[in-house]
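Peer 1: give me a 3D structure for the following:
(4 chains)
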There are 2 protein chains.
Amino acid sequence: MSLNTRRRGAELEVAILDAAWAVLIESGYTGFTFEAIAARAGTSRPVLYRRWPQRDDLLVATLRRHWAAKPIPVPDTGSLRDDAIGFLRNVDQGRTGLMTLISAQLVEYFRATGTNFRELRDSMRPPGQPTGFATIVQRAVARGELADVVRSPRVIDLPFDLFRNEMLMTMRPVTADWITETIDVVWLPLLHTT
Amino acid sequence: MSLNTRRRGAELEVAILDAAWAVLIESGYTGFTFEAIAARAGTSRPVLYRRWPQRDDLLVATLRRHWAAKPIPVPDTGSLRDDAIGFLRNVDQGRTGLMTLISAQLVEYFRATGTNFRELRDSMRPPGQPTGFATIVQRAVARGELADVVRSPRVIDLPFDLFRNEMLMTMRPVTADWITETIDVVWLPLLHTT
DNA sequence: ACCGTTAGATACATGTCCGTATCTTAAGGC
DNA sequence: GCCTTAAGATACGGACATGTATCTAACGGT
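Peer 2: Purely as a prediction, here's the structure:
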């Protein structure tokens, strides 16, 4: 029989990645050390080194696990405005830690590796898949709520870009007022200029 | 007579702060160590400790010295579009290093101190002074190029928010195309929806 | 039940930074 | 020229992280 006190293989791996994520959230990239992660995971450094020789390998694996983990639900309420507000709210709830982290904590990593946030995001997002706001706009067009014209991705994803900026500036979740203002004062007026 | 090989007082202090700035730019907050800064300044750690007991004291002093430096010129060409594009270009040239740094490298510092980027910026910007884009819009209204209606600061400063986001995402200066697209596809259409 | 694999503990040498203490010597005021 | 001040060099113990090596014991497959 097995005492099941010792994890192996995939089970151990996800435990480590979860611990690494927790450390990253709490202590940032600076605190993201093999030492701290191994302690947090209840294992020892050699176990980590066997899987990820470089610290950055472990970092990417950690991000990859939590990026694909929870897709942000895109609401489908039948109203463009409600969809947009609901989606931003979901983004806020689901990605606060991630966004704060990625947008900001990791700049040291980007410097060191010569990449940037956009490249990392693009490499993890399956190509050809529409963004949340693209989906929302498509549906609104299908309902006849919006004119069927070509729109720049810059316009479509505007709320997301503004969200990221706001998060960076405040280091906090955004407020409900900020969300409605973004949709009502900025995005919807812009979408209707056709 | 004096050999002047040994700096003292204010002269030494600014030399240290300049060295600290250089280190911060090159190596980020992680590399912002007393050791590295002292070496860069050609002095020794005890000299730094006598002035700034904590690392953050030195950081704030370093930022303060380089923050107030240069106001960004706001062009006045007689065209809303040209003003906006020119201003964004000036922002890009003048603040790339600073923005990248402040917006991003310093998140560890913000975490530690419980402040955020917006508070730091507001504390250093004189209150009541209109932003660059507010000035640009005011002039356009005065010329009759824009309707004289109340506009949300969110709308007015939109290009700046997008600029900050773009800078963060790419860690590079923005492209000329990005600037014109931001103004022509996003900002100007939004301003004209009245 | 055996055996190959591998988790996990421990140890080691190395390197970097910390914070402080000590000592010298150059600078500047009088 | 003397004397106070402070720069700058050096040393120290400690903390923490690195990367590797070695050993044991638990696990999983057959």
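
Peer 1: so where is chain A shaky, pLDDT-wise?
Peer 2: A:1-4, A:68-70, A:95-114, A:124, A:126, A:194 (pLDDT under 70).

Peer 1: would you map the strands across chain A?
Peer 2: Assigned by DSSP state E, chain A shows no strands.

Peer 1: quick check: longest helix of it.
Peer 2: Assignment by DSSP state H gives helix A:80-100 as the longest helix of chain A.

Peer 1: what sits up against that helix?
Peer 2: Applying C-beta atoms under 8 Å, 6 or more residues apart in numbering or on different chains, the contact partners of helix A:80-100 are A:25, A:66-67, A:70, A:72-77, A:132-133, A:136-137, A:139-140, A:145-146, A:159-160, A:163-164, A:167-168, A:171, A:173-174, A:176, A:179-180, A:182-184, A:187-188, A:191, B:107. (Each C-beta comes from the backbone N, C-alpha and C, glycine too.)

Peer 1: now do the domain split for chain A, please.
Peer 2: A:9-66, A:70-191 (automatic domain parsing).

Peer 1: which residues does the spatially closest residue to A:T62 that is not a sequence neighbour contact?
Peer 2: Once flanking residues are discounted, A:T62 sits nearest to A:A20: 4.3 Å by C-beta to C-beta, 6 or more residues apart in numbering or on different chains. A:A20 sits next to A:F32, A:I37, A:R40, A:A41, A:L58, A:L59, A:A61, A:T62 when contact means C-beta under 8 Å, 6+ apart.

Peer 1: gap between A:A38 and chain B?
Peer 2: Computed as C-beta to the nearest C-beta, to the nearest Å, the A:A38 to chain B distance reads 21 Å.

Peer 1: for chain B, see how far away the residue lying closest to that residue once chain neighbours are set aside is.
Peer 2: Among residues not flanking A:A38 along the chain, A:R45 sits closest, at 4.7 Å (C-beta to C-beta, 6+ apart). Using C-beta to the nearest C-beta, one gets 21 Å for the distance from A:R45 to chain B.

Peer 1: make sure A:R45 is actually in contact with A:A36.
Peer 2: No - if you go by C-beta atoms under 8 Å, A:R45 and A:A36 don't touch, sitting 10.1 Å apart.

Peer 1: quick one: which of these two has more around it?
Peer 2: Between A:R45 and A:A36, counting by other C-beta atoms under 10 Å in any protein chain shown, A:A36 is the more crowded of the two (17 against 13).

Peer 1: can you tell me which residues contact the closest residue to that one other than its chain neighbours?
Peer 2: Leaving aside its chain neighbours, A:A36 sits nearest to A:V23 (5.1 Å; criterion: C-beta to C-beta, 6+ apart). By C-beta under 8 Å, 6+ apart, the contact list for A:V23 reads A:G31, A:F32, A:A36, A:I37, A:R40.

Peer 1: how about the helices in chain A?
Peer 2: Along chain A, counting by DSSP H, helices occupy A:9-27, A:34-41, A:45-51, A:55-69, A:80-100, A:107-113, A:117-124, A:132-143, A:153-156, A:158-170, A:176-181, A:188-191.

Peer 1: name the residues of chain A found near DNA strand D, please.
Peer 2: A:2-6, A:8, A:31, A:33-36, A:45-46, A:49, A:53-55 (C-beta under 7 Å from any atom of the strand).

Peer 1: could the contacts of A:V23 be laid out in JSON lines, adding distance to A:L12?
Peer 2: Shown next, in JSON lines, are the contacts of A:V23 (distance: C-beta to C-beta, whole Å):
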{"residue": "A:G31", "distance to A:L12": "22"}
{"residue": "A:F32", "distance to A:L12": "19"}
{"residue": "A:A36", "distance to A:L12": "17"}
{"residue": "A:I37", "distance to A:L12": "13"}
{"residue": "A:R40", "distance to A:L12": "13"}
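
Peer 1: mind checking how far A:R89 is from A:R81?
Peer 2: Shown here: A:R89 relative to A:R81, a distance of 12 Å by C-beta to C-beta, to the nearest Å.

Peer 1: for A:F32, same thing?
Peer 2: 40 Å.

Peer 1: neighbour count winner among the two?
Peer 2: More crowded of A:F32 and A:R81, by other C-beta under 10 Å: A:F32, with 24 against 16.

Peer 1: A:I72 reaches A:G132, doesn't it?
Peer 2: Yes - A:I72 is within contact range of A:G132, at 6.2 Å (criterion: C-beta under 8 Å).

Peer 1: who has more neighbours out of these two?
Peer 2: Neighbours were counted for A:I72 and for A:G132 using other C-beta under 10 Å; A:G132 has more, 22 against 14.

Peer 1: need the contact list for the more buried one.
Peer 2: A:I72, A:V74, A:F87, A:V91, A:F160.

Peer 1: what count of nearby residues applies to the closest residue to the last one other than its chain neighbours?
Peer 2: By that I understand A:F160. Excluding the flanking residues, the one nearest A:F160 by C-beta to C-beta, 6+ apart is A:F133, at 6.2 Å. Neighbour count for A:F133, taken as other C-beta under 10 Å: 23.

Peer 1: distance check, A:F133 against B:G144.
Peer 2: Using C-beta to C-beta, A:F133 is found at 35 Å from B:G144.

Peer 1: same question for A:R51.
Peer 2: Shown here: A:R51 relative to B:G144, a distance of 66 Å by C-beta to C-beta.
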